[in-house]
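Enquirer: Sequence isn't available, so here's the structure alone:
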């Protein structure tokens, strides 16, 4: 099976076109060699790819007939990505939240209208 179709079938990418773009950017390797989208993968091959700031390492266990459900993905691949990588990603998320909380910053258009209404009521009461 082609590497683009395999990664799409085991739900690492939403579309095959996204896998093709990742191959063109040299983000995907099969057994240590850069892979084109048409590269054939077989059971026991190791696929390494970079997605969402994580370098994923998976081993092909079996080839699916077509796209599989999320619960069945583990039948066809073995995730060998170290746990430290996921911990590092969590730390990055926490670091981003530390600097600016979601919702802070410029007021939205609705917030501005509410502030204007509040100011207008205060002027009318005086």
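Expert: Yes, it's here. Computed from a predicted model, the values in this text were never measured in an experiment. Numbering: from 1, shown residues only.
Enquirer: Could you use CA atoms for every contact and neighbour count after this?
Expert: Fine.
Enquirer: Confirm residue 105 sits in a strand?
Expert: No - under DSSP: H, G, I helix; E, B strand; the rest coil, residue 105 falls outside any strand and is assigned coil.
Enquirer: who's in contact with it?
Expert: Residue 105 makes no contacts at all, as judged by CA atoms under 8 Å, 6 or more residues apart in numbering.
Enquirer: quick one: it and residue 50, what's the gap?
Expert: 32 Å (CA to CA, to the nearest Å).
Enquirer: Over to residue 78?
Expert: 16 Å.
Enquirer: Could I get the full set of strands for this protein?
Expert: Using DSSP state E, the strands of the chain run over 28-30, 33-34, 46-51, 54-60, 77-79.
Enquirer: out of these, deepest packed?
Expert: Each of those was assessed for mean neighbour count using mean count of other CA atoms under 10 Å. The highest is strand 28-30, with a mean of 22.
Enquirer: quick one: contacts of that strand?
Expert: Outside strand 28-30, the residues touching it (CA under 8 Å, 6+ apart) are 22, 34, 35, 41, 45, 46, 47, 48, 49, 50.
Enquirer: Just list the residues touching the first one, thanks.
Expert: Right, residue 22. Neighbour list for residue 22: residue 28 [criterion: CA under 8 Å, 6+ apart].
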